[in-house]
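Undergrad: Provided below for reference: sequence and predicted model.
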Amino acid sequence: TTVEGLAVKQLKDLENPANIGVSIVTPPSVTVKVIEEAKSLGFTHLWLQPGAESTEVVQKANDLGSKLIFGGPCIIVSLDRGEHLQGKM
């Protein structure tokens, strides 16, 4: 995984979790586990990419007090298309 130029294998390898947002690109059944792990490590900001969200996932994140972004376009696709430069994000 690469995070702003920092390559890590696991969430636990990141320092300062309260200052890092996690973009999640996994199936909902895996996303629940990622959200639980992120919370246990101190991550508070989560961005669910399309396909990672479900009613259960959103409820779990809310129950854990995570700050959640979801329901929008895929950031990876949008950046690839240059949509951030066109004011579409």
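TA: Great, that's in hand. Here the structure is a predicted model, which means the values were calculated and not measured.
Undergrad: only C-alpha atoms for contact and neighbour calcs from this point on.
TA: OK.
Undergrad: And residue 41, what's its pLDDT?
TA: With respect to pLDDT, residue 41 scores 94.
Undergrad: Ignore what I typed, I meant residue 4.
TA: 56.
Undergrad: Bridged to the spatially most central residue of the chain, which residues?
TA: In the chain, the centroid-proximal residue (CA atoms, centre = their mean) is residue 23; its distance is 2.5 Å. Legend: beta-bridge partners of residue 23 under DSSP bridges are residue 47.
Undergrad: need the contact list for it.
TA: Counting by CA atoms under 8 Å, 6 or more residues apart in numbering, residue 23 touches 46-49.
Undergrad: how much space between it and residue 57?
TA: Separation of residue 23 from residue 57 (CA to CA, to the nearest Å): 14 Å.
Undergrad: Please apply the same query to residue 19.
TA: For residue 19 relative to residue 57 (CA to CA), the value is 22 Å.
Undergrad: quick one: which of those two has more around it?
TA: A direct count of neighbours by other CA atoms under 10 Å for residue 19 and residue 57 places residue 57 higher, at 20 against 11.
Undergrad: how about the strands in this structure?
TA: 2-3, 6-7, 21-24, 45-48, 67-69 (DSSP state E).
Undergrad: count of neighbours near residue 38?
TA: With other CA under 10 Å as criterion, residue 38 counts 21.
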